[in-house]
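*Asks:* sequence and predicted structure, then a few things I'm wondering about:
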Amino acid sequence: MFSEIVGFLGLLVLIVLILVRIPVGIALGLAGFVGYVIIEGWSRAVVALGTLPLDIARNYSLSVVPLFILMGVVAVRSNMAREMFQAADRLFSGLRGSLAMASVGTCAGFGAISGSSIATAATISKIAVPEMLRYGYDARIATGTVASAGTLGILIPPSIILVIYAIISEESVPALFAAGLLPGILLAALHVVAIAVLGRMYPKRLPLAESQPIGVRLRAISGFWKIALLFTLTVGGIYLGWFSPTEAAAVGAFAAIVIAFATRQMDWPSLIDAFRETVRTTAMLALVILGGFMFSYFMIFSRIPASLGAWIDAAHLPGFAVILFIVVIYIVFGLFLDSISMMLITVPVFLPIFQALGYDRVWFGVFIVVVAEIGLITPPVGLNIFVLKSQLPEIPIQKMYAGILPFLFVDLLLIVLLVAFPQLALWLPGLIL
């Protein structure tokens, strides 16, 4: 029992360190290293800490992360988000709540390229929310739509968080990309349906926009050509056998730069700034990954996953009870952690439990991403809400919380569908791979 007690104390120490504003990467590494020392001794812990950075640096799969980050940074700086929003607005014209629907489409497409729900919410909120408010949309619906839809892109490939899950779980990146595609599209469609329902219930809060001719709507599809090209080159190239995931990320980043220069949306100083931002973001993420792996080693030696699994097996808890427990844990963690940090902390604990219950690792990857993103929009905190508040300080945060509630039901509905119909995530990988 000694190692299990140390493990639970380590989890409590980690939470306290994060709550007192210690950077997540340092908190993970410190809690993991000290716990490792207590269980395995100083010499083994030092050896593990010394070899871990080299192991991470030699991990070829991790090279995909900075390349996808670069592709997302270039997309942000080359005005792709605004062009997508304008095209989606014309495509949905004539429908009540068309600007909100356009926001969902833009978040889904742009989020897939940027790989970050927080970056997506920050970018799209500056474009879409002022436009919706100008046309008389209720502030609650305008902000709630963008905060929730900002989480869509991390399911739709290419997704950085799915790559990180693949590394933690030693699972196939192409399989996870394929598994996330249908649930991501379904979640975007459910958001659009929710907006349509809200439009019928509260027509004054979602104005009816002037309908555009069918020709204008069809031409609006061309506004998505940049995102479509990047998606085809990266994801399509992987499944057609042209590139490995890392090669596809390199091709996607290079293509984003070429598109930005060809359309005169970027110059050399802007490109240099994009490289600098990529290096800063990658360095911060590398610190979190390093700390996360140190904490994962500690969790393995603490035997917490094995003990929890044995307890669940002995208690004969049904699968839905375990899933409900996981959802509650992620909602709590979402109060103060981003999705990548949540994954690094929890996957080493929960993945063995779900495997013992007979769940597929690919399915679990999609499930855990959806649940982690719910935590980012859950009151009373929710990091995406705070991102919107920083971009739109004039809107009371209480209205943002109220606006998110209808979309929480949509996210929970997707979880129910994933549990009831696992093939939503497993059908496409089985078909392609």
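*Replies:* Happy to help now that I have it.
*Asks:* list the residues that contact F350.
*Replies:* Taking C-beta atoms under 8 Å, 6 or more residues apart in numbering, we find F350 in contact with 305, 326, 364, 368. Every C-beta, even on glycine, is put in place using the N, C-alpha and C of the backbone.
*Asks:* now what about stretch 192-203, what contacts it?
*Replies:* With C-beta under 8 Å, 6+ apart, stretch 192-203 has contacts from 95-97, 100-101, 104-105, 138, 141, 145, 205-206, 406-407, 409-410.
*Asks:* closest to R219 among these?
*Replies:* Nearest to R219 among these, counting by C-beta to C-beta, is G105 at 15.9 Å.
*Asks:* closest one to L233 out of the contacts of stretch 192-203, please.
*Replies:* Relative to L233, the closest of these is G105; by C-beta to C-beta it sits at 20.5 Å.
*Asks:* pretty sure that closest one contacts F92?
*Replies:* Yes. The pair G105 and F92 passes the contact test of C-beta atoms under 8 Å, sitting 7.5 Å apart.
*Asks:* please, a ChimeraX command that selects the buried ones among the contacts of stretch 192-203?
*Replies:* Buried subset of these, written as a ChimeraX selection, criterion 16 or more other C-beta atoms under 10 Å:
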select :95,96,97,100,101,104,105,138,141,145,205,206,406,407,410
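*Asks:* show me which of the contacts of stretch 192-203 is closest to L49.
*Replies:* Nearest member of the contacts of stretch 192-203 to L49, counting by C-beta to C-beta, is F407, at 41.7 Å.
*Asks:* what packs against the helix or strand hosting the closest one?
*Replies:* In the assignment (DSSP states H and E), F407 maps to helix 397-420. Counting contacts by 3 or more C-beta pairs under 8 Å, 6 or more residues apart in numbering; DSSP states H and E, helix 397-420 packs against helix 139-149, helix 173-201, helix 319-333, helix 361-375, helix 383-391, helix 423-432.
*Asks:* of the contacts of F350, which one scores lowest on pLDDT?
*Replies:* Across the contacts of F350, the member with the lowest pLDDT is P305, scoring 71.
*Asks:* pLDDT value on the spatially closest residue to that residue that is not a sequence neighbour, please?
*Replies:* Distances taken as C-beta to C-beta, 6 or more residues apart in numbering put P352 closest to P305, at 4.3 Å, once the chain neighbours are dropped. Note on P352: pLDDT of 82.
*Asks:* using the three-state scheme, assign P352.
*Replies:* helix (DSSP: H, G, I helix; E, B strand; the rest coil).
*Asks:* with I395 instead?
*Replies:* Quick answer, by three-state DSSP: I395 is coil.
*Asks:* how many residues are close by it?
*Replies:* I395 is flanked by 19 other residues according to other C-beta atoms under 10 Å.
*Asks:* residues contacting it?
*Replies:* Listed by C-beta under 8 Å, 6+ apart, the contact set of I395 reads 129, 139, 143, 388-389.
*Asks:* from N384, how far out is it?
*Replies:* Going from I395 to N384 by C-beta to C-beta, to the nearest Å gives 14 Å.
*Asks:* ok, now A248?
*Replies:* Counting by C-beta to C-beta, the gap from A248 to N384 is 28 Å.
*Asks:* the two - which one has more neighbours?
*Replies:* Using other C-beta under 10 Å, the more surrounded residue of A248 and N384 is N384, with 30 against 26.
*Asks:* residue contacts, the more buried one?
*Replies:* By C-beta under 8 Å, 6+ apart, the contact list for N384 reads 117-118, 121, 147-148, 150-151, 376-377.
*Asks:* okay, it: pLDDT?
*Replies:* Note for N384: predicted pLDDT of 80.
*Asks:* can you check R200 too?
*Replies:* At R200, pLDDT is 90.
*Asks:* can you count the residues close to it?
*Replies:* Neighbour count for R200, taken as other C-beta under 10 Å: 10.
*Asks:* do the same with E394
*Replies:* So E394, with other C-beta under 10 Å, has 7 neighbours.
*Asks:* got phi/psi on it?
*Replies:* Here is the backbone geometry of E394 (degrees, to the nearest 10): phi -80, psi -10.
*Asks:* and the nearest residue in space to L285 that is not next to it in sequence, how close does it get to L230?
*Replies:* Nearest residue to L285 in three dimensions, chain neighbours excluded: V65, at 6.5 Å (C-beta to C-beta, 6+ apart). Look at V65 and L230: by C-beta to C-beta, they are 17 Å apart.
*Asks:* cool, V416 as well?
*Replies:* On the measure of C-beta to C-beta, V416 and L230 end up 32 Å apart.
*Asks:* looking at these two, which one has more neighbours?
*Replies:* Between V416 and L230, counted using other C-beta under 10 Å, L230 has the larger neighbour count: 24 against 11.
*Asks:* wait, is that one part of a strand?
*Replies:* No. Using three-state DSSP, the assignment for L230 is helix, not a strand.
*Asks:* residues contacting A256?
*Replies:* For A256, counting by C-beta under 8 Å, 6+ apart, the contacting residues are 70-71, 74-75, 78, 113, 230.
*Asks:* cutoff 10 Å now
*Replies:* Residues near A256 by C-beta atoms under 10 Å, 6 or more residues apart in numbering: 70-75, 77-78, 80, 113, 226-227, 229-230, 233-234, 266, 274.
*Asks:* how many neighbours does L218 have?
*Replies:* Residues near L218, counting by other C-beta under 10 Å, number 12.
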